[in-house]
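In: one predicted model, sequence on top.
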Amino acid sequence: MSAQDTRAAAFDYVIVGGGTAGCVLANRLSADARRRVLVLEAGPRDNYLWIHIPIGYGKTMFHPRYNWGFYTEPEPSMHGRRIYWPRGRGLGGSSSINGLIYVRGQPADYDRWAAAGNAGWGWRDVLPYFIRSEDNSRGASPMHGAGGPLACTDIGARHELIDAIIAGAGELGVPRTDDFNAGHQEGVGYYQLFTRHGWRCSTAVGYLKPARGRANLAVETNAQAMRVLFDGRRAVGVEYRQDGETKTVRAGREVILAAGALQSPQLLQLSGVGDPAHLNAFDIPVVHALPGVGANLQDHLQLRLLFRCTKPITTNDDLNSWWRSLAIGAQWLFARSGPLAVGINQGGLFTRVLPESATPDVQFHFATLSADLAGAKPHPFPGFTFSVCQLRPSSRGRVSLTSADPLDAPAMQPNYLTAPDDRRCAIAAVRFARKLAATRALRPYIAEEVRPGKAMDDADDSSVLEFCREYGATIFHPSGTCRMGPDDDDTAVVDARLRVRGVDALRVVDCSIMPTLVSGNTNAPVVMVAEKASDMIAADAR
């Protein structure tokens, strides 16, 4: 459908954002030929080769066409640093550029959502949607699905270094696990990845591509949403910018925001839904006062420990040698295997470092590569990385407007490490990581602890915390800024059916609706949210 046709037509559903959630919604809502569905995506099509090769994560981390490349406001608790926040730009969104890790979180995460007044969001409620989304290489089981849109694949070849890490964790009492998604998360092992036959399986590949031939589905790329259009308090369409021209499209049933935890609240605010004092500061007419829009920002703070390896067995060695680069390229080209088919992080560990935690409170990503920043140029020596994050931070921040111009990035203030428990957990996590590195199984592989280094051996808690403040960064999971909550919660933005409170025909379906951050990577939970939302939207239309 052409842009002119799109402007002239009225759709039943207009989905703002063709990212992780938007692609799921596009597939499920357009499955009924009676529904006319439009997706507006601000970025381009996903036709960049390195999106689809798993190790291409490093190629897209700073790519201006496929990555929004946001920065936080200066963080007082992090030595005033502005921290880089990559977010996917283009079809598939962050599922097209992320680390491919398949983790659902803990059952207690979702039971906590339900206990907070969000009926229908407990673990037993959401598990069927996780299963429905899966095409798991292990086949169907009570905990996993087969034949779904999203490929979840075991890492075929084992890596000597990851095996040593697993053995070292065993010395510390962390059990080996073959499945972080079976309900009991605690353990150490290999991750499953969102890959199929050596290719990335983003939601654009798994969900959107099979639906693109449907006559009732239109997808517009390079279409930047400017604001939601209202008739009174009913959302009736979207104004967007494409090819230098401002256009509008009408929505007969609903407008659905799936632009992510940073841009969904920004778009609500630009459209007059938010804290009146904040909107008045930018001369934006208030459609509905909703002070919770943009509040409750949460993220996983990543603490990266870097090591020089005694053996040339790391991905650094592959990428820093022209002949080894050719070899792994040939391995992927002819067998769809090897480092290019796996990505960066192969192993994971979930454990408890705080005495009061009933379930794992930290997560490790183990990478057979080292660099000063995630996604940056590898070090010129054999290296590997322990990345650890606190799973359920208490610190809260905010997303707010910087101007009334939709093309200006919002202000992001995560307020990392402002909560005392977060500081305690960060210190304990770093100490556990260094203890793991000192195990009998890992000692033969460590030539040097590059960061934080031996100076940390006798460091007190304040010195460890300073390391966290100086080097901590996002692990790419901002969430919670359009929080779901019960009817008696004036600060909640959406209800349990993800409808924006106080207005009609407007929903938010992405990681911004999370009341509290899940204990792990956010891609699979966002897919689940969109799967469940598609059922609710269809039911409410009857």
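Out: Nice, thanks for sending it over. Residues are numbered from 1 along each chain as shown.
In: what about Arg138, neighbour count?
Out: As a burial measure, Arg138 scores 15 neighbours (other Cβ atoms under 10 Å). In short, each C-beta sits where N, CA and C put it, glycine included.
In: just the pLDDT for it.
Out: What the model reports as pLDDT for Arg138 is 95.
In: dump the residue contacts of it.
Out: Counting by Cβ atoms under 8 Å, 6 or more residues apart in numbering, Arg138 makes contact with 144, 154.
In: just use 21 as the starting number from now, easier for me
Out: With the count now opening at 21, the last piece we talked about shows up as Arg158.
In: each with direction, which strands does the lengthiest strand in the chain pair with?
Out: Secondary structure of the chain per DSSP state E: the longest strand is strand 265-277. Here strand 265-277 is paired, per DSSP bridges, with strand 30-36 (parallel), strand 254-262 (antiparallel), strand 526-528 (parallel).
In: right, and those strands - which one's nearest Glu376?
Out: Each of the strands paired with strand 265-277 has some distance to Glu376 by Cβ to Cβ; the shortest is strand 526-528, at 33.0 Å.
In: helices and strands around the host helix or strand of Asp555, which ones?
Out: If you go by DSSP states H and E, Asp555 is part of helix 543-560. Here helix 543-560 is seen to pack against helix 40-50, helix 143-153, strand 265-277 when contacts are counted using 3 or more Cβ pairs under 8 Å, 6 or more residues apart in numbering; DSSP states H and E.
In: again, only this time at 6 Å
Out: Where contact means 3 or more Cβ pairs under 6 Å, 6 or more residues apart in numbering; DSSP states H and E, helix 543-560 is packed against helix 40-50, helix 143-153.
In: what about the last one, average pLDDT?
Out: When pLDDT is averaged along helix 143-153, the result is 98.
In: quick check: Cys329 touching Pro402?
Out: Yes - with contact defined as Cβ atoms under 6 Å, Cys329 counts as touching Pro402 (3.9 Å).
In: follow-up on the earlier one: who touches the longest strand of the chain?
Out: Contacts with strand 265-277, where a contact means Cβ atoms under 6 Å, 6 or more residues apart in numbering, come from 26-27, 30-36, 248, 255, 257-260, 284, 525-529.
In: also stretch 81-96?
Out: The contact list for stretch 81-96, computed with Cβ under 6 Å, 6+ apart, reads 68, 80, 100-107, 109-110, 395, 429, 431-434, 436.
In: going through the residues you listed, which ones are buried?
Out: Buried members of the contacts of stretch 81-96, scored by 16 or more other Cβ atoms under 10 Å, are 68, 80, 101, 103-107, 109-110, 395, 429, 431-434, 436.
In: so which of these belong to helices?
Out: Thr80 (DSSP state H).
In: all strands for the stretch 121-270 of the chain, in order.
Out: 154-156, 170-174, 207-210, 212-213, 215-216, 219-220, 237-240, 243-251, 254-262, 265-277 (DSSP state E, counting those that start in this stretch).
In: which one, of those, ends up nearest to Met504?
Out: Among the strands of the stretch 121-270 of the chain, strand 265-277 comes nearest to Met504, with 13.4 Å by Cβ to Cβ.
In: and that closest one, how far out from the chain's middle?
Out: Distance of strand 265-277 from its chain centroid, counting by Cα atoms, centre = their mean, to the nearest Å, is 26 Å.
In: C-alpha coordinates for that strand, PDB please?
Out: Output of strand 265-277 as PDB, limited to C-alpha atoms (Å, rounded to 0.1, in the frame of the first residue of the first chain):
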ATOM      1  CA  GLU A 265       5.800  15.400   4.800                       C
ATOM      2  CA  THR A 266       3.400  15.500   7.700                       C
ATOM      3  CA  LYS A 267       0.600  12.900   7.300                       C
ATOM      4  CA  THR A 268      -2.300  11.600   9.300                       C
ATOM      5  CA  VAL A 269      -4.000   8.200   9.500                       C
ATOM      6  CA  ARG A 270      -7.300   7.400  11.100                       C
ATOM      7  CA  ALA A 271      -7.900   4.400  13.500                       C
ATOM      8  CA  GLY A 272     -11.400   3.100  13.600                       C
ATOM      9  CA  ARG A 273     -10.900   0.900  16.700                       C
ATOM     10  CA  GLU A 274      -7.700   1.600  18.500                       C
ATOM     11  CA  VAL A 275      -4.300   3.300  18.400                       C
ATOM     12  CA  ILE A 276      -1.700   1.000  20.000                       C
ATOM     13  CA  LEU A 277       1.600   2.400  21.200                       C
END
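In: pull out the buried residues from that strand.
Out: For strand 265-277, the neighbour count (16+ other Cβ under 10 Å) marks 267, 269-271, 273-277 as buried.
In: need these in JSON lines (columns: pLDDT and distance to Gly137).
Out: Below are the buried residues of strand 265-277 laid out as JSON lines (pLDDT from 0 to 100; distance: Cβ to Cβ, whole Å):
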{"residue": "Lys267", "pLDDT": "96", "distance to Gly137": "39"}
{"residue": "Val269", "pLDDT": "97", "distance to Gly137": "34"}
{"residue": "Arg270", "pLDDT": "97", "distance to Gly137": "34"}
{"residue": "Ala271", "pLDDT": "97", "distance to Gly137": "29"}
{"residue": "Arg273", "pLDDT": "97", "distance to Gly137": "27"}
{"residue": "Glu274", "pLDDT": "98", "distance to Gly137": "23"}
{"residue": "Val275", "pLDDT": "98", "distance to Gly137": "25"}
{"residue": "Ile276", "pLDDT": "98", "distance to Gly137": "23"}
{"residue": "Leu277", "pLDDT": "98", "distance to Gly137": "22"}
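In: between those residues, which is closest to Gly176?
Out: Taking Cβ to Cβ as the measure, Gly176 lies nearest Ile276 of those, at 37.7 Å.
In: what's the helix or strand for the residue of the chain most remote from its centre?
Out: In the chain, counting by Cα atoms, centre = their mean, Asp478 sits farthest out from the average C-alpha position, at 35.8 Å. Applying DSSP H and E as the criterion places Asp478 outside every helix and strand.
In: and it, backbone torsions?
Out: Backbone torsions for Asp478, taken as degrees, to the nearest 10, come to phi -110, psi 20.
In: picking up where we left off before, tell me which of the strands paired with strand 265-277 approaches Cys221 most closely.
Out: Per Cβ to Cβ, nearest to Cys221 of the strands paired with strand 265-277: strand 30-36, 20.4 Å.
In: could you list the buried residues of stretch 69-89?
Out: 70-81, 83, 86-88.
In: so how far is that stretch off the chain centroid?
Out: 15 Å.
In: quick one: average confidence on it?
Out: Average pLDDT, stretch 69-89: 94.
In: extract the C-alpha set from the next helix or strand after the longest strand of the chain and format it as CSV.
Out: With elements assigned by DSSP H and E, the helix or strand that comes after strand 265-277 is helix 280-290. Provided in CSV are the C-alpha atoms of helix 280-290 (Å, rounded to 0.1, in the frame of the first residue of the first chain):
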residue,chain,number,x,y,z
GLY,A,280,9.2,1.1,23.8
ALA,A,281,9.9,2.4,27.3
LEU,A,282,11.5,5.6,26.1
GLN,A,283,9.3,6.7,23.2
SER,A,284,5.9,5.5,24.2
PRO,A,285,5.8,7.8,27.2
GLN,A,286,7.3,10.6,25.1
LEU,A,287,4.5,10.2,22.5
LEU,A,288,1.9,10.2,25.2
GLN,A,289,3.3,13.4,26.6
LEU,A,290,3.6,15.0,23.1
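In: got a list of contacts for helix 280-290?
Out: In this structure, residues lying in contact with helix 280-290 by Cβ under 6 Å, 6+ apart are 245, 247, 277, 279, 294, 313-314, 419, 421, 426, 430, 498-499, 501-502, 528, 530-532.
In: and it with strand 30-36, angle?
Out: Per axes from the mean of the first three to the mean of the last three Cα atoms, to 10 degrees, the angle that helix 280-290 makes with strand 30-36 is 120 degrees.
In: what's the average pLDDT for helix 280-290?
Out: pLDDT averaged over helix 280-290 gives 98.
In: kindly report the same for stretch 111-128.
Out: What stretch 111-128 shows for mean pLDDT is 97.
In: excluding chain neighbours, what is closest to Ile533?
Out: Spatial nearest neighbour of Ile533, excluding adjacent residues (Cβ to Cβ, 6 or more residues apart in numbering): Met504 at 4.6 Å.
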